[in-house]
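> Build me a model from this:
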Amino acid sequence: MKKLGLFLIILIYTMTFASCSEDNVPTYQGDETENKIHIGVSFDSFVIERWQRDRDVFVYTAEELGAEVNVQNANGDVEKQISQIEYFIDKKMDVIVIIAVDSKACGEVVDKAKAAGIKIVAYDRLLITSDADLYISFDNEKVGTLMAQTIKDNVPEEGNIITIFGPTTDYNVQLVEQGYREVMEDANLNVIYSVNAVNWLAEEAYDAVNEALLISPQIDGVFCGNDNLATEAVRALSENRMAGSVVVTGQDADLAACQRIVEGTQTMTVYKPVDKLAKAAAEYAVKLAKGENIDVKTTINDGIWDVPYVKLEPIGVNKDNMDEVIIEGGFQNREDVYLNIPD
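The predicted structure follows:
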């Protein structure tokens, strides 16, 4: 009987201890998960080199601030992006950050997210008629003026130029074109070929240069909407033994573009400090999730609503200020930029 009594005491003690452990552990983990800020990010794609950098800086900053980030890649597919946003809504994200495939296509799903109490950040590209809680980007009109000014200053009077803009579905492209037109309004230059590259497909720049050459053998300048397009434009020029004698512009300060600039086959690029943009976006996203005042005074009209707008300044980069802006600024390494330049 004594042995039986001792066994029952041990059994009761063990069951009681186990019960306490099971109650405590899930409760602690559940509270930790519930208190964590959840941010969903839907990228247009990672075709453009800079987006990978934006992603890495954003995720690192947000996680340092205690948030959990779920990154999705729409691969340039509008319907896929809408589906990703709906998934974020179902997962009850606190904030959804959108790099729009099509600036006009997300209105309905954004309305659904906002009705669920989710904050919306339009990253780099404005969401049209969507009443986002924040739009953070660069001064894209100035991007266009910087590139256009390079064409105007370096192409001779009555010279022939090609313009290769980004897709019409990207609202930033409209702003870039606006900046371009303001500069070129009084320029005495001939636009012999113009195209908008669908989904930023770089191959369209290669085709554009070759199509223009069928119109005229003389090309003096190529306005490229980004450095990826410039890569293919320069390839076409190289095949026709024209690289280095034609003014070529771009934006994003991709490594390949920086290399071409110091080598002399691309004239300039527009540097947009994406590290600063991504870091600021993550900080604002966390503030929005916490219900804090973001204190943004500048606004931009999305077609209906005035949206708080954080606007960063772009910088034109050529051979003369490459070291100062890109290398000393830590955006690219000197040995990489000057890889093909003999010591």
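> which residues sit against stretch 207-214?
160, 162, 164, 192-193, 195, 219, 222, 232-233, 236-237, 240 (Cβ atoms under 8 Å, 6 or more residues apart in numbering). All C-beta atoms are positioned from the backbone trio N, CA, C, and that covers glycine.
> Next: stretch 80-87.
Residues outside stretch 80-87 that contact it (Cβ under 8 Å, 6+ apart): 40, 42, 44, 72, 74, 96, 98, 100-101, 105-106, 109-110, 112-113.
> buried set for that stretch?
81, 82, 84, 85 (16 or more other Cβ atoms under 10 Å).
> Output it as CSV, restricted to C-alpha atoms.
C-alpha atoms of stretch 80-87 as CSV (Å, rounded to 0.1, in the frame of the first residue of the first chain):
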residue,chain,number,x,y,z
LYS,A,80,-0.4,37.4,-59.7
GLN,A,81,0.3,40.6,-57.8
ILE,A,82,-3.4,41.1,-57.0
SER,A,83,-3.5,37.5,-55.8
GLN,A,84,-0.4,38.1,-53.6
ILE,A,85,-2.1,41.2,-52.0
GLU,A,86,-5.2,39.1,-51.3
TYR,A,87,-3.0,36.5,-49.7
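> So what's the model's average confidence on it?
For stretch 80-87, mean pLDDT rounds to 97.
> do the same with stretch 52-72
Mean predicted lDDT for stretch 52-72 stands at 97.
> what do you get for stretch 322-339?
96.
> Nearest to residue 248 among the contacts of stretch 207-214?
residue 222 (4.9 Å; Cβ to Cβ).
> tell me the SS of the closest one?
Under DSSP: H, G, I helix; E, B strand; the rest coil, the three-state class of residue 222 is strand.
> I'd say it and residue 243 touch.
No - with contacts counted by Cβ atoms under 8 Å, residue 222 stays clear of residue 243, the gap being 10.5 Å.
> Looking only at neighbour counts, state which of those two leads.
Ranked by neighbour count (other Cβ atoms under 10 Å), residue 222 and residue 243 place residue 222 first, with 30 against 19.
> What residues are bridge-paired with the more buried one?
residue 162, residue 248 (DSSP bridges).
> Now do the strands in the protein.
Under the criterion DSSP state E, the chain contains strands at 37-43, 67-73, 95-98, 119-123, 134-138, 160-165, 190-196, 221-224, 247-249, 269-271, 299-301, 306-312, 315-317.
> before we move on, back to that, now tabulate the buried residues of stretch 80-87 in TSV and tack on distance to residue 332.
Formatted as TSV, the buried residues of stretch 80-87 follow (distance: Cβ to Cβ, whole Å):
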residue	distance to residue 332
81	30
82	35
84	31
85	33
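> Just those: which are in helices?
Within these, residues falling in helices by DSSP state H are 81, 82, 84, 85.
> in stretch 113-121, what's buried?
Buried residues in stretch 113-121 (16+ other Cβ under 10 Å): 113, 114, 118, 119, 120, 121.
> Would you point out the most distant pair within these?
Taking Cβ to Cβ, the two most distant members of the buried residues of stretch 113-121 are 114 and 121; they sit 12.0 Å apart.
> For residue 143, which residues are in contact?
172, 175, 176, 179, 251, 270, 272, 314.
> For the third one, which residues are in contact?
Which is residue 176. Contacts of residue 176 (Cβ under 8 Å, 6+ apart): 140, 141, 143, 144, 147, 165, 166, 225.
> circling back: so can I have CSV of the strands of the chain showing distance to residue 337?
Shown next, in CSV, are those (distance: least, Cβ to Cβ, whole Å):
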stretch, distance to residue 337
strand 37-43, 26
strand 67-73, 28
strand 95-98, 31
strand 119-123, 27
strand 134-138, 22
strand 160-165, 24
strand 190-196, 29
strand 221-224, 19
strand 247-249, 17
strand 269-271, 12
strand 299-301, 34
strand 306-312, 23
strand 315-317, 11
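> Where does pLDDT dip in the stretch 151-300 of the chain?
Within the stretch 151-300 of the chain, no stretch has pLDDT under 70.
> Then the stretch 1-150 of the chain?
1-34.
> Swap in 80 and give it another go.
Counting by pLDDT under 80, the ranges of the stretch 1-150 of the chain that qualify are 1-35.
> could you pull out the helices for it?
All helices of the stretch 1-150 of the chain, identified by DSSP state H, counting those that start in this stretch, fall at 2-35, 50-64, 78-90, 107-115, 140-154.
> shouldn't residue 41 be in contact with residue 73?
No - under the criterion of Cβ under 8 Å, residue 41 makes no contact with residue 73, lying 9.5 Å away.
> Neighbour count for the two, which is higher?
residue 41 (27 against 19).
> Just list whatever residues bridge to that one.
Beta-bridge partners of residue 41, as defined by DSSP bridges: residue 71, residue 97.
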